[in-house]
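Q: pasted the sequence and its predicted model underneath.
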Amino acid sequence: MNIPVTPGDLLAIGPISVMFAGALVVLLAESIFRNGEAWNRWLALAGFLAAGTVAFLNTGWSGVAFGGTVATGGFANYCAIVYASAGALSVLLSTDYLRKTGIAFGEYYALLMIAVLGMMLMGAALDLVVFFLGLETMSIAFYVLAAFARSQGTSNESGLKYFLLGAFATGFLLYGIALVYGTTGTTSIPLIRDKAPSLIGTPVFTIGLALILIGLLFKIAAVPFHMWAPDVYEGAPTPVSGFMATGGKAAAFAAFLVLFRPEVLGGEKGLRDVIAVVAAASMIFGNVVAIAQSSIKRMLAYSSIAHAGYILVGVVAANATGANGVLFYLMAYTVMNIGAFGVLAMVENGAGENLHFEDYAGLSAQAPVLSLMMALFMFSLAGVPPFAGFFGKYYVFAGAIQAGYTWLAIVGVLMSVVSAYYYLRLVVMMYFTAASASPRRVGKSSAGLLALGIAVAALVYLGLFPSTIIDVTSRFF
Amino acid sequence: MLTEFGRVFLFILIGIVFVAIGLVVAWLLRPHRPYPSKRTTYECGETPVGDTRMRFNVRFYVIALIFIVFDVEVVFLFPWALVYLSLGWFAFFEMIAFLTILFAGYAYVWRKGDLEWDRPAPRIPRYERGVGVREARLTEDEIAV
Amino acid sequence: MSVPLPYYLGLSAVLFAIGVIGVLTRRNVIVVFMSIELMLNSVNLTLVAYSSFLGDVSGQALVFFVMAVAAAEAAVGLALVIALFRNKQTVNIDQINILKW
């Protein structure tokens, strides 16, 4: 096997190269300058914006690089834009939070960039080796980010739990990769897709696919591999939770779309039904348990399990409508969930308090702009039209109905109604409940408000003109 | 007739029997006179300092962690070394790029002071004749990295 | 003459199962972590066996990457354990319970 590699390949995977160079520069800046953190904030933001721009300019074009192991343009660049915007929003939301909690170290930004680098590799992977490397690059950065507040017991615990269970899941994923490699004789994903129809029903091949599925389901926190999510999201620093819940999930779903194309999933009827059941279970479990939470951070963690279920519906559909729905949903979910966690990070005080429903009583009188934005994020998460969340759900459910999974769409709609209860409960708390006696201090970070403003604008825009995204994504399938 | 692995099995069996015979014969022939200094830890004829099951300074672990990461990256050098003559200059520059990244990490670690040993004040172990040393309980400071 | 492929696959499956059981039953973080390493190495065995059986080197290339990733994971994992130990003075999973499991 001889893969011709040229320096031109590095240009072809533009966003990834930019991200990588940026991460190195940030790391070196941290070690050279005394106040590296102040520099790195802007370096990281510039890096994310540059990567996003490079990706945006090349979205229309698509090809392969590095001897067909990495996809360029098109789908890969769309994913890169989602991850870069998640990274940029996280940087803006983190600066004030890091100072508040006393963990303002420059490495934070380097880790964010490395995590985004891994996600982009996952989205672009056309080879199981590249996919595995991307996944691990992302995960290892996440383990450290979750434990970033290293003097806090909760953060340590969150990082360690994520690490142990994540590494456990990696073991399953790798074993799956090994078995698929053994039966198909290749690690190239397009070749595996070609060979899949002839291998359907071979036990070893099906077991291999199932093990890869387990590894991915773990990363998106779908039932029954969700146990880690509430603890990890609750213990990690709040902006990190938002970033992990959106970027990390989006990366795993991009891998889902690449690996479990209709050619593979259409033949493996059993596997497809298993994913359908997992999707239904995630929606039901996530939404029902979220109702019982008193901490908003934990409520959002359970709701992220439910959202993983909604997005999985689009994967089960395995048709163009479903896949477009998944990609649209990922963009919308990234914006609205980072926004919701961002508001949490601003209201939270340095000691990790003010995270409960009662702490938000009467917030609208004290911080009208922040409350309005939080209310919009909640409406969108609940799937109220005309916000982006509604159209995300609409497309994935429409895809499922086209594919004959009507029961799944019905479960999804019913559970969306259930979810409205706890999302709107927060809105009621902010607007129609008297403030508690003890005054709370709400952070005033202009960078954070800017990020939230951008998120709200994107939410409304995506809700009013969903076709701008769908027109782009429908060219990928 | 024996298969290949039959021979391996036979080899293992002979090995076990050989060692067992040696031990049993020595046990039958040798005199048995134990006394305390015979049972202390062997330290090249010196009087032993400290118990063998001592607690290591946690700094060892930090150094070891750094070592592991850089050590395992060398695994990529071996396949490269085998083929780089046939791949030409591009492979050479590619490996230079890889090593540059490694050195960026190394520079970071160095600059952050994780390679400094920065010893704590020496703690003289208490010596008890014949039994070796009871280690002093580590203070909070020493447990911390 | 060589050992047939199923022997290798059986051995690595058994090693993998030992690793899984170790993760699920052990209570010491370090031992759990060693069990995870065992799982990764059993995968390496599978990959090398298939690679030699298929006469294709890409499986062995993947083994290199798995080894490098496992080392990086080990470094991060042990650093996390040290950080936790400084706060809680324990490496027992049952005592790592501030957050509800």
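A: Perfect, I can see it now.
Q: quick check: next helix or strand after the worst-scoring helix or strand of chain A on mean pLDDT?
A: Lowest on mean pLDDT, DSSP states H and E among the helices and strands of chain A sits helix A:262-267, with a mean of 70. Per DSSP states H and E, the first helix or strand lying C-terminal to helix A:262-267 is helix A:269-291.
Q: what is the helix or strand just after that next one packed up against?
A: Next along the chain after helix A:269-291, taking DSSP H and E as the criterion, comes helix A:296-317. For helix A:296-317, the packing partners by 3 or more C-beta pairs under 8 Å, 6 or more residues apart in numbering or on different chains; DSSP states H and E come out as helix A:203-220, helix A:228-235, helix A:238-243, helix A:249-259, helix A:269-291, helix A:320-347, helix A:388-402, helix A:406-432. All C-beta atoms are positioned from the backbone trio N, CA, C, and that covers glycine.
Q: any chance of those helices in JSON lines with distance to chain B, mean neighbour count and mean pLDDT as columns?
A: Formatted as JSON lines, the helices and strands packed on helix A:296-317 follow (distance: least, C-beta to the nearest C-beta, whole Å; neighbours: other C-beta atoms under 10 Å in any protein chain shown; pLDDT from 0 to 100):
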{"stretch": "helix A:203-220", "distance to chain B": "22", "mean neighbour count": "21", "mean pLDDT": "89"}
{"stretch": "helix A:228-235", "distance to chain B": "21", "mean neighbour count": "26", "mean pLDDT": "89"}
{"stretch": "helix A:238-243", "distance to chain B": "21", "mean neighbour count": "29", "mean pLDDT": "91"}
{"stretch": "helix A:249-259", "distance to chain B": "22", "mean neighbour count": "24", "mean pLDDT": "89"}
{"stretch": "helix A:269-291", "distance to chain B": "35", "mean neighbour count": "20", "mean pLDDT": "88"}
{"stretch": "helix A:320-347", "distance to chain B": "27", "mean neighbour count": "26", "mean pLDDT": "89"}
{"stretch": "helix A:388-402", "distance to chain B": "38", "mean neighbour count": "24", "mean pLDDT": "88"}
{"stretch": "helix A:406-432", "distance to chain B": "41", "mean neighbour count": "18", "mean pLDDT": "88"}
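Q: ok, which of these comes nearest residue B:10?
A: helix A:203-220 (33.8 Å; C-beta to C-beta).
Q: residue B:49 and chain A: what is the separation?
A: According to C-beta to the nearest C-beta, to the nearest Å, residue B:49 and chain A sit 35 Å apart.
Q: assign that residue to helix, strand or coil.
A: Secondary structure, DSSP: H, G, I helix; E, B strand; the rest coil: residue B:49 is coil.
Q: where in the stretch 1-150 of chain A is pLDDT low?
A: A:1-7, A:60-61 (pLDDT under 70).
Q: that one: helices as residue ranges?
A: For the stretch 1-150 of chain A, the helices defined by DSSP state H, counting those that start in this stretch cover A:8-12, A:14-32, A:36-57, A:74-101, A:107-124, A:128-146.
Q: dump those helices to JSON lines, plus mean neighbour count and distance to residue A:434.
A: Shown next, in JSON lines, are the helices of the stretch 1-150 of chain A (neighbours: other C-beta atoms under 10 Å in any protein chain shown; distance: least, C-beta to C-beta, whole Å):
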{"stretch": "helix A:8-12", "mean neighbour count": "15", "distance to residue A:434": "59"}
{"stretch": "helix A:14-32", "mean neighbour count": "22", "distance to residue A:434": "46"}
{"stretch": "helix A:36-57", "mean neighbour count": "21", "distance to residue A:434": "38"}
{"stretch": "helix A:74-101", "mean neighbour count": "25", "distance to residue A:434": "27"}
{"stretch": "helix A:107-124", "mean neighbour count": "28", "distance to residue A:434": "38"}
{"stretch": "helix A:128-146", "mean neighbour count": "24", "distance to residue A:434": "36"}
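Q: turn the ones you listed into TSV, including distance to chain C.
A: What follows is the helices of the stretch 1-150 of chain A, written out as TSV (distance: least, C-beta to the nearest C-beta, whole Å):
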stretch	distance to chain C
helix A:8-12	17
helix A:14-32	15
helix A:36-57	20
helix A:74-101	15
helix A:107-124	11
helix A:128-146	5
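Q: picking up where we left off before, turn the helices and strands packed on helix A:296-317 into TSV, including distance to residue B:55.
A: Listed next are the helices and strands packed on helix A:296-317 as TSV, based on distance: least, C-beta to C-beta, whole Å:
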stretch	distance to residue B:55
helix A:203-220	36
helix A:228-235	29
helix A:238-243	34
helix A:249-259	41
helix A:269-291	43
helix A:320-347	40
helix A:388-402	54
helix A:406-432	50
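Q: closest to residue C:52 out of those helices?
A: helix A:203-220 (17.1 Å).
Q: near chain C at all, the closest one?
A: No: Helix A:203-220 stays clear of chain C (C-beta under 8 Å from any C-beta of the partner chain), getting no nearer than 8.6 Å.
Q: got the angle for that helix vs helix A:107-124?
A: 150 degrees (axes from the mean of the first three to the mean of the last three C-alpha atoms, to 10 degrees).
Q: so which elements touch helix A:203-220?
A: Partner elements for helix A:203-220 (3+ C-beta pairs under 8 Å, 6+ apart): helix A:153-184, helix A:249-259, helix A:269-291, helix A:296-317.
Q: pipe the ones you listed into CSV and attach distance to residue A:121 per row.
A: Below are the helices and strands packed on helix A:203-220 laid out as CSV (distance: least, C-beta to C-beta, whole Å):
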stretch, distance to residue A:121
helix A:153-184, 15
helix A:249-259, 9
helix A:269-291, 24
helix A:296-317, 20
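Q: near chain C, which residues of chain B?
A: B:3-5, B:58, B:61-62, B:65-66, B:68-69, B:71-73, B:75-76, B:79, B:143-145.
Q: are any of the residues you listed buried, and which?
A: B:62, B:65-66, B:68-69, B:72-73, B:76 (16 or more other C-beta atoms under 10 Å in any protein chain shown).
Q: report how many residues lie close to residue A:460.
A: 15 (other C-beta atoms under 10 Å in any protein chain shown).
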